[in-house]
Each structure stands twice: as structure tokens, then as C-alpha cells.
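Participant: This is the structure alone, sequence omitted:
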């Protein structure tokens, strides 16, 4: 495996074949003729080069190849925990599994600090006070950035600071005009009542005094007046022909029209049609609802404009055009479902790109460029246990590797000659 230091810069190995520059911790075998300095207590010395006395109630063991300094500013008596790492007063450290007592205090951060700093009750109360501040008679509305923002209610309504909303206009009509119109509409009647709006009764009728207007349609009842003022054709029931021309009307049975409207049958050539026995006739171009109909295979319709999106019949040309439009996609873009669940054409971004043949290229992974990843892959695959310049170290099958000079602290056993000062040597020298 490739050698990778841990968070403290250390790593473990079997046998390292190399010269060593640094401190050695552990049992050392070799010649001691080159060792000078202060002999450690384990080797019969004091372990310190001064006149002070060290009194130990038990073993004092330091771990880690770093110097340890205990500084006292006065007579000092502290009780150490039995295990764990000590915290400092002002260092940046992570505390875990701690319970803060009721008299624990902290620094109140500046308003809107928005960090991982501890919030005091003063900070929280200030934040809540600020977030609840709103001008009298204003309301909170989410702005374009999705943030609740105080604004004055405008448009068709207003509101006071008790929450009472007043509608001032609707569609441009004032509230006063709307109230007047509502009263008139609700008092409308089919009776002949002065100054009231006419409302037909359940049969569609209404009563009135005198209606001054021209009338187109049929009159049922007695007509008074002079014949010189009568226009139109006298109906068959009154002895007339029912039509104002010289053509002959031949009836195989009664012809009855219902409804107080004129009926015109127009022929553009010799005409012979068979009427259904019941129902309403459809026109060629009128807007009507057909029900219970089967369209024959040669039925055609008008092709609507693209994206018509109505209840109009879709022809095959409309469908084919819609499918063609939905398949339109900018070169090298892809379809992705957007937040409204609609397939939307976008350019592929982020860690990769794609061309219009569908070939995807990874450009970055976790912030590393493809070039750096390829270089790292090549270096990792060429790692070796041999002492090869510029190559990554890889242990052999026994966990060993060779190197030139290694500059580091070493925890373990050293076989060979050791040079240096004894003040940096711990363990038993054999």
C-alpha cells in the first residue's frame, strides 16, 4: 500500500532501510560510543540538566515525539483527569460530551452574526425583537428573494393596524359603485316596479308598462291600429301563405315552428334533405356540442396554430408538429426535469460536459481537475518500494521500502549505528 501520514504526520512501517535524521523513541540497539548529553532516568540519570528535584508519586510518561513544557506562574496544585486531552482557556478546540452549568456565560455576538458562535439569551432576544419589528399598518410579504419584507398593502385594498382589511376597488370599480350595483341587482324583479332592474321570471317573462321600441318577432294577442302600419307576411293561421313570394308551399303534414323567433330555410340549389325525427340540427360552421357521434375515416378538420392548447380537434398534422417541436433541443444540450416536473433543455454543467454525439467528458471530481486526477492516478500506479527518485513510496510484500534520507521523528526500534545527543534519546540504550 502507498504510505500516507496520519493527522499528526506519522505512519507505521516494517523495516525502513535508510539513514535517519530526527529523534528516536523506543529501544535502540547498536553502539553507544557516539551518544552524548543527559542520560534519561530509565538509564540511571536524572533526566534533566538542572539542580531542581523531581519527586514522582508514580511513573510520569510522556507520549509523542514532541517537547512538553509545564509552566507555573505561582505555587500550583491542579488535579488532572484520568484520561483525555486537556483544553486551553483561549485555544480553538472542540468540546464534546460537556454539560454547561447554569452560571455559564458567553460573549454576546454582534447582531446578525450568522456564524457557529454560541448565542447568548441577549443575542436571541435581540434577534427576535428585530424580526418582529413592523411599521404600523404594514404587512409582511415574501419578496423576490423569498424573504419576509414589511410593505404597505396597496392595489385594491388597504388594512389598518388592527388587521381590518377594506376593499377599495374591484376591476377599476369603486367600492361605492359596487355597493350601489349590488343593491340594484339584488332588488331586480319581473314585476312592473318603477326604477327597478328587469329580471325575467322562471319562464323568462317579465311585466312592464309601455315599452317604446321596434319589435322583431311574433305577436300573440289582439293588434289595434291601421293596416297601413302593418308590415310582414300574414301567417297561415290567419289566412295567409306564410311566405312573401310566388312559390307554392306543399305540406305533407303540419309544419309547426316553436319559439318566438323567425325561421329561414335557404336553398342554394335544388334541395332534398331528410330531417331527423327529433333533436337539434347542427350547422357547418357554428359553435355547437356534438354528442354520441362517430367520425368516419375521411373526416378532416382545420389544423390549429402551434401550441393552440384549446378544446379544438387536433389533426394529425398538428400532432406531428407538436411532437417535432417537443423534440427540438439545442446542440449538445440535454433534457432535465425542472422544478415544475417539465422536461427542459439545459447545457450540462458541474463536473462534466457532453457533445452532440452523447460523448460525456468528466472535467472535475470533488474540485480536482481531470488533468490532476490523471496525474495522481499515474503517480499512484507507479508507486514503488524501491528507492526511486520522484516516485510515491509503496511498501513491498513484507511492508518494507527503501529510501535515501528520511527527515522525521521515529517511534520504533533502530538497528545500526546511532549518532546524536542523548537528550533526544528515550528508552534503554543497549
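Facilitator: Structure's in. What do you need? No experiment lies behind these values; they were computed from the predicted model shown. Residues are numbered from 1 along each chain as shown.
Participant: quick one: low-confidence ranges for this structure?
Facilitator: Scanning the chain for pLDDT under 70 picks out 9, 17-56, 128-131, 215, 219-249, 323-327, 410, 412, 414-430.
Participant: Could you check which helix or strand contains the nearest residue to residue 282 once chain neighbours are set aside?
Facilitator: Spatial nearest neighbour of residue 282, chain neighbours left out: residue 288 (5.3 Å); criterion: C-beta to C-beta, 6 or more residues apart in numbering. C-beta here means a position set from N, CA and C on the backbone, and glycine is covered the same way. Using DSSP states H and E, residue 288 sits in no helix or strand.
Participant: ok, now residue 379?
Facilitator: Per DSSP H and E: residue 379 is located in helix 370-381.
Participant: just checking, next helix/strand downstream of that helix?
Facilitator: Per DSSP H and E, the first helix or strand lying C-terminal to helix 370-381 is strand 401-407.
Participant: Show me how far that next one is from its chain's centre.
Facilitator: Offset of strand 401-407 from its chain centre (C-alpha atoms, centre = their mean, to the nearest Å): 53 Å.
Participant: Partner strands of that strand and their direction?
Facilitator: Here the strand partners of strand 401-407, with direction, are listed using DSSP bridges: strand 16-21 (parallel).
Participant: Please tell me how far residue 182 sits from residue 190.
Facilitator: According to C-beta to C-beta, to the nearest Å, residue 182 and residue 190 sit 19 Å apart.
Participant: Dead centre of this protein: give me the residue that sits there.
Facilitator: Nearest residue to the geometric centre of the chain (C-alpha atoms, centre = their mean): residue 339, 6.7 Å.
Participant: Looks to me like it is in a helix.
Facilitator: No: applying DSSP: H, G, I helix; E, B strand; the rest coil, one finds residue 339 to be coil, outside a helix.
Participant: number of nearby residues for residue 303?
Facilitator: If you count neighbours by other C-beta atoms under 10 Å, residue 303 ends up with 17.
Participant: That one contacts residue 315, correct?
Facilitator: Yes: using C-beta atoms under 8 Å, residue 303 is in contact with residue 315, at 4.5 Å.
Participant: picking that back up, from residue 142, how far out is the residue nearest to the centre of the chain?
Facilitator: 17 Å.
Participant: One more: residue 125?
Facilitator: Residue 125 is 25 Å from residue 142, by C-beta to C-beta.
Participant: try residue 194
Facilitator: Using C-beta to C-beta, residue 194 is found at 53 Å from residue 142.
Participant: which one of the two has more residues nearby?
Facilitator: Higher neighbour count among residue 194 and residue 142: residue 142, with 9 against 5, using other C-beta under 10 Å.
Participant: got a list of what the more buried one touches?
Facilitator: Taking C-beta atoms under 8 Å, 6 or more residues apart in numbering, we find residue 142 in contact with 148, 149.
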